[in-house]
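Peer 1: With the sequence up front, the predicted model follows.
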Number of protein chains: 2
Amino acid sequence: MTAEIIAVGTELLLGDILNTNAQYLSRELADLGITVLHQHVIGDNAGRLAQLVEEAKSRSDLLVFSGGLGPTADDLTKETVAACYGDTLRFDAEEMEKIEDFYRRTGRKMPENNRKQAMVPVKGRKIPNHHGTAPGVWFEDEGGRCAVLMPGPPHELKAMWREGVRPLLAERTGGTLHSITLHVIGGESTLEAKGGKLFANENPTAAIYAKTGECHIRITARAKDVETAEVMCHQYAENFYALYGDAVYDEDVPGLEYTVVRLLAQKGWTAATAESCTGGLVAERMTRVPGSSGVFRFGFVTYANEAKEKLLGVSHEVLEAKGAVSPEVAAQMALGALKNGEADVAVALTGIAGPDGGTEEKPVGLVWVGAATKDGVWVKKLTLGSRDRESIRQRASQYALDLVRRLTAGLPLRHARALTAEEALAGDAALWAGPAPEGED
Amino acid sequence: MTAEIIAVGTELLLGDILNTNAQYLSRELADLGITVLHQHVIGDNAGRLAQLVEEAKSRSDLLVFSGGLGPTADDLTKETVAACYGDTLRFDAEEMEKIEDFYRRTGRKMPENNRKQAMVPVKGRKIPNHHGTAPGVWFEDEGGRCAVLMPGPPHELKAMWREGVRPLLAERTGGTLHSITLHVIGGESTLEAKGGKLFANENPTAAIYAKTGECHIRITARAKDVETAEVMCHQYAENFYALYGDAVYDEDVPGLEYTVVRLLAQKGWTAATAESCTGGLVAERMTRVPGSSGVFRFGFVTYANEAKEKLLGVSHEVLEAKGAVSPEVAAQMALGALKNGEADVAVALTGIAGPDGGTEEKPVGLVWVGAATKDGVWVKKLTLGSRDRESIRQRASQYALDLVRRLTAGLPLRHARALTAEEALAGDAALWAGPAPEGED
C-alpha cells in the first residue's frame, strides 16, 4: 500500500509554523507497513489543491491530509477533496450539537461560520474528534482509493490518528504492528554506537531518536496478531535493558516527570523543588502529571538571593563567599526545600542559563544540582555550555528529575557527590576539594 | 515570482528526521517576495524525482532543493535535475581539491565515491560550500526557469543560502518585502470575524494564526525598498490597533512573558507568583526571558493547602469554608505573594486542571486568577473546560500574564472584579455575591 501526506495551510508555505505532523504521520505509516511516496504542503487554494489531489490519487492508494478543517472562509479542503473522490457533504446535526456544546461549556458565543465544521461526507464517514471541534472525514472512491482528513493542530491530529484512523488502516493492511518506546537518559551518538547492530534488525526494528536530555528507542514488531507482536517487542527490548542498564528509565511515557511521579507515589514519598535558573520548570514538569498533588506539595522559585535566604534558609555568608552558583548553595537550597517543603526528597538548581551573566570561572551553562533526603545531600555539576538559554534550562530540569528518580528508586547516583546535612550546612570549601563531579550521563 | 521547495531524502519519508529546512526556506523566500506554491518531500528515486521536477517546473519559476548532494550511490538529485534543465555535469578539479583537503585536515581517508561531489554544471554555476564538502549548484534553462540545489544538513544549507543564494535571488526579484507580527489576546474566530475585510487586502496582506490564548496577525508589505515596506506595514497595523484596542499586546516578540518583563522593567516594578494549578508555569515563563532577574525574585508553588497557608498566609478557615478553588483563596494567595515576595504586583492561580477532580459546582477548567498591587486586589474567573490538562494550564498562565500586563501598564481590567485588601482578607462570601465575572477576553 502506498500513501502521500498532504498538509494544507498557507502558514506552512510562509514558514510560520513547522510541519511536525508530516514527520509523525510518516513514522506511523511506516509502522503500518505503508510506503510513503511523497509529502506535500500546499496553500488554501482550491484549484491547486484539486490538481494535486488528482495527481497524488493517480499514484497512491491513500492520501492523508492535515489541516484545512477550520471554520474560516479559506478552509476549502473538505469540499475540494470530496469532489475528487466523487462524494459530497451534508450537514450533521450531531456534530453541530457537539460544537455548540463546546462553546456553551467554555462560556463563549459561537461564531456563525462554525457551522462549516459540522459538514460530513454523504458516502464516506466521519471520524470523531474528542479533542477539538472539527470532525475528521474519510472518503473512498469506487476503486477503493481512500483519503482521510484530520485537523491541523498536532494534539488533535495525533489523538484522532490513534483513536480513529490507525485502527481502520491496520484492519486493511492485514498483519499487525506493535511498537514500544524505551526512554533512555543519554546522548544519541553514544547510545547509538553502543547499540550497534541492534539498530539494524529487520523484525523487530529499532530506531533511535534524540530528544532533550534523553533518547527514544522505538521498537516495532510485525506479526500475525497483536499479542505475538507485543511479546516480540518486549523480548527485543531486553537487549537494550542489558546494554544500557538503569539509564533506561521507562517505556511509553510522555516524559521523565511521569516516571518520577509514579515512583514517588509507589514509595509514598513527597518531593519539593527549589529553583533558581530553571525558574519553576521542574515544579511545572512534575505538576503536568495528572494526580501529582499526591506527591508534590511545595515548590520554591528563588530567583533572587534574598528569596534563597528567606524561603530556604540559605546562609547569607555562604552566598556572599561562594556566590549563588556554587555547590554549597545548591546543597543548602535542597536542605531548605526538604525542611520547609515538608518533603521526603528535595531537588535544587542554581546556575547560569545565559545568554549573559557568565564569567571565566562560572561560564554560561554551569549548573549545580543539589538533592536531599533524610539520609544526606548530593550535589552534581552540569556543564551545559554552548547551548541556548531554553536548552540549558530544559536539560538542567532533566538532570534534576533524574536525580529524584534515582534517589526514590534507590539507584546509584553517578557523578554526584554525597555528604551529610551538617557538612552541607557548614558550607566549608574544603568539603568540595578534589576533582569536581561532572559529566553528562 | 513563484517557487517550490523540494526536499530529497528517504529518511524524511520514514519520519526519521523533521524537515526544518522547508520552514526556513519558506520564510526566507516569503521575505524576498517570492510566493511559495508548494513544498515537497520525495525519496531517492530518479524516476519519481524527474516527474516531480517536470511538474513543478511547469508551474513555478524557481525550484529550491535541499538534500541529495551526498556521495552515496542513492544520491541522484544533481544528475536528474541537470537533465530536466537541459544541462550536464563536469568534473571540477578545484572542488575536488577542496574535498581532499577537508579529509586531510580531519585526518580521515577520503572514500572514492566522494569524487561525485566534485561534479558541477557545465552551463549553470556552482555555489561554494564553506561549511561542508558538497558544493551547491544552480541550473537555468533557456526560458529563465531556475533550480538551486543545496546540501541537506541545516547548518550547511542555511550558510549557503545566506552567503550564496539569497544575494543572487535578491538581485533578480527587485522589490523587497517586510513583515511584522501583531500579538493579540483572543480567539481566532472572534478576531477574524471582527477584522473582516482587513484580512482580504492585497498589499499589505494580513493573515491570522491561532496560538494558545492569543493570535498572531502577520502583516506583509511589498515595496521597492525596505523603508517603504516598513512604513506600509506600520500604517496597516494601525487598523488593527484601532479595532482590537489594548488586546494587541505587542509586535514581533517571542511571547507575552517578554512584553510583561519589559513593561515591569520600564516601570521599575517586581512581580511575584503564587501558583496552584499551573504548578510553576507562570514563573517558568517569566524567567524564560533573558534579564528577568531584574523584575522577578520570588515564586511560590503552593500545590497543597498547607503550602498556601504556610507560604502565603491564606486563612485556614477560608480554605475550609470556600475550598482551595475559590475567589477568596485566589485573592489571599495574591496578597500573600505580594507581601512575602516583596513585590509590586503579584498574580495567583488556583483551579482544577483535570482530568479528574472536577465537580458539578467546580468543574474541570474552572480557574480563579487573583492579582494584587498596593492599590487593591482583583479576581477573575476562567472557564476553560473541555480542554486537556496541558491546554488549561497554558491558557490560565496566559490570562495571569495578561493581568500582570494590564496592572503594570495601567490598562483597564475587563471581567475582573476589584476589592480592597481588607475585603479580600475577610474572605466574606457576601462580597462575591452577584453575577460572577467571567469571559475569555
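Peer 2: Arrived safely, thanks for sending.
Peer 1: measure residue A:127 to chain B for me?
Peer 2: Distance, residue A:127 to chain B, using CB to the nearest CB, to the nearest Å: 19 Å. Quick note: C-beta positions are derived from backbone N, CA and C, even for glycine.
Peer 1: what about that residue, how many neighbours?
Peer 2: A count of neighbours around residue A:127, defined by other CB atoms under 10 Å in any protein chain shown, yields 19.
Peer 1: quick one, phi/psi of it?
Peer 2: Torsion angles at residue A:127 (phi, psi; degrees, to the nearest 10) stand at phi -120, psi 120.
Peer 1: List the contacts of the closest residue to it other than its chain neighbours.
Peer 2: The shortest distance from residue A:127 to any non-neighbouring residue, by CB to CB, 6 or more residues apart in numbering or on different chains, is to residue A:136 (3.5 Å). With CB atoms under 8 Å, 6 or more residues apart in numbering or on different chains as the criterion, the residues that contact residue A:136 are A:69, A:126-129, A:148-151, A:160, A:164-165.
Peer 1: just curious, which of the residues you listed is nearest to residue A:47?
Peer 2: For residue A:47, the nearest member of the contacts of residue A:136 is residue A:149. The distance, counting by CB to CB, is 18.2 Å.
Peer 1: ok, the helix or strand hosting the closest one: who's next to it in the sheet?
Peer 2: Here residue A:149, judged by DSSP states H and E, is contained in strand A:146-150. Strand partners for strand A:146-150, identified by DSSP bridges, are recorded as strand A:62-66 (parallel), strand A:136-140 (antiparallel).
Peer 1: how close does the residue nearest to residue A:127 get to residue B:92?
Peer 2: According to CB to CB, to the nearest Å, residue A:136 stands 51 Å off from residue B:92.
Peer 1: sorry, back to before: most tightly packed of the strands paired with strand A:146-150?
Peer 2: Comparing the strands paired with strand A:146-150 by mean neighbour count (mean count of other CB atoms under 10 Å in any protein chain shown), strand A:62-66 comes out on top with a mean of 28.
Peer 1: ok and the very next helix or strand once past that one relative to strand A:62-66, angle-wise?
Peer 2: Towards the C-terminus, the helix or strand next in line after strand A:62-66, according to DSSP H and E, is helix A:77-84. Orientation check (axes from the mean of the first three to the mean of the last three CA atoms, to 10 degrees): helix A:77-84 against strand A:62-66 gives 160 degrees.
Peer 1: will you turn the strands paired with strand A:146-150 into a markdown table that also has mean pLDDT?
Peer 2: Below are those laid out as a markdown table (pLDDT from 0 to 100):
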| stretch | mean pLDDT |
| --- | --- |
| strand A:62-66 | 97 |
| strand A:136-140 | 96 |
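Peer 1: pretty sure residue A:337 contacts residue A:348?
Peer 2: Yes. The pair formed by residue A:337 and residue A:348 meets the contact definition of CB atoms under 8 Å, at 6.0 Å.
Peer 1: Looking at these two, which one has more neighbours?
Peer 2: Neighbours were tallied for residue A:337 and for residue A:348 using other CB under 10 Å; the higher tally belongs to residue A:348 (35 against 30).
Peer 1: quick one: secondary structure of the more buried one?
Peer 2: For residue A:348, the secondary structure call by DSSP: H, G, I helix; E, B strand; the rest coil comes out as strand.
Peer 1: List the contacts of it.
Peer 2: Residues A:273-276, A:312, A:330-331, A:333-334, A:336-337, A:369-372 are the ones in contact with residue A:348 under the rule CB under 8 Å, 6+ apart.
Peer 1: hmm, back to that, by pLDDT, give me the weakest of the contacts of residue A:136.
Peer 2: The member of the contacts of residue A:136 with the lowest model confidence is residue A:69, at 86 (criterion: pLDDT).
Peer 1: Just the buried ones from the contacts of residue A:136, in ChimeraX syntax?
Peer 2: Selecting only the buried members of the contacts of residue A:136 in ChimeraX, with burial defined as 16 or more other CB atoms under 10 Å in any protein chain shown, works like this:
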select /A:69,126,127,129,148,149,150,151,160,164,165
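Peer 1: shaky segments in chain A?
Peer 2: Residue ranges of chain A with pLDDT under 70: A:72-75, A:386, A:415, A:426-441.
Peer 1: 50 instead, please
Peer 2: Along chain A, segments meeting pLDDT under 50 span A:429-441.
Peer 1: one step back: format the contacts of residue A:136 as JSON lines; extra columns: distance to residue B:180.
Peer 2: Compiled in JSON lines, those are given as follows (distance: CB to CB, whole Å):
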{"residue": "A:69", "distance to residue B:180": "29"}
{"residue": "A:126", "distance to residue B:180": "40"}
{"residue": "A:127", "distance to residue B:180": "38"}
{"residue": "A:128", "distance to residue B:180": "39"}
{"residue": "A:129", "distance to residue B:180": "34"}
{"residue": "A:148", "distance to residue B:180": "37"}
{"residue": "A:149", "distance to residue B:180": "33"}
{"residue": "A:150", "distance to residue B:180": "32"}
{"residue": "A:151", "distance to residue B:180": "28"}
{"residue": "A:160", "distance to residue B:180": "35"}
{"residue": "A:164", "distance to residue B:180": "40"}
{"residue": "A:165", "distance to residue B:180": "38"}
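Peer 1: Off-centre distance for the longest helix along chain A?
Peer 2: For chain A, the helix with the greatest residue count under DSSP state H is helix A:389-409. From the chain centre to the centre of helix A:389-409 is a distance of 15 Å (CA atoms, centre = their mean, to the nearest Å).
Peer 1: got the buried residues for it?
Peer 2: Judged by neighbour count using 16+ other CB under 10 Å, the buried positions of helix A:389-409 are A:389, A:391-408.
Peer 1: check those against chain B, which are close?
Peer 2: The residues of the buried residues of helix A:389-409 that also fall near chain B, by CB under 8 Å from any CB of the partner chain, are A:389, A:393.
Peer 1: The stretch 251-400 of chain A: strands as residue ranges?
Peer 2: Applying DSSP state E, counting those that start in this stretch to the stretch 251-400 of chain A gives strands spanning A:271-275, A:296-302, A:345-351, A:366-373, A:376-383.
Peer 1: and the ones you listed, which is most packed in?
Peer 2: With neighbours defined as mean count of other CB under 10 Å, the strands of the stretch 251-400 of chain A peak in mean count at strand A:271-275, which reaches a mean of 33.
Peer 1: contacts for it?
Peer 2: A:260, A:264, A:281-283, A:286, A:295-302, A:308, A:311-312, A:333-334, A:336-338, A:340-349, A:370, A:400, A:404, A:408, B:280, B:301.
Peer 1: Next, residue A:143: secondary structure please.
Peer 2: When classified by three-state DSSP, residue A:143 comes out as coil.
Peer 1: how many other residues sit next to it?
Peer 2: Look at residue A:143: counted by other CB under 10 Å, it has 8 neighbours.
Peer 1: Give me the phi and psi for it.
Peer 2: In this entry, residue A:143 is assigned phi and psi values of phi -80, psi 0 (degrees, to the nearest 10).
Peer 1: quick one: contacts for it?
Peer 2: With contact taken as CB under 8 Å, 6+ apart, residue A:143 is in contact with no other residue.
Peer 1: just residue A:152 next, same as before
Peer 2: Taking CB under 8 Å, 6+ apart, one finds A:7-9, A:21, A:66-70 in contact with residue A:152.
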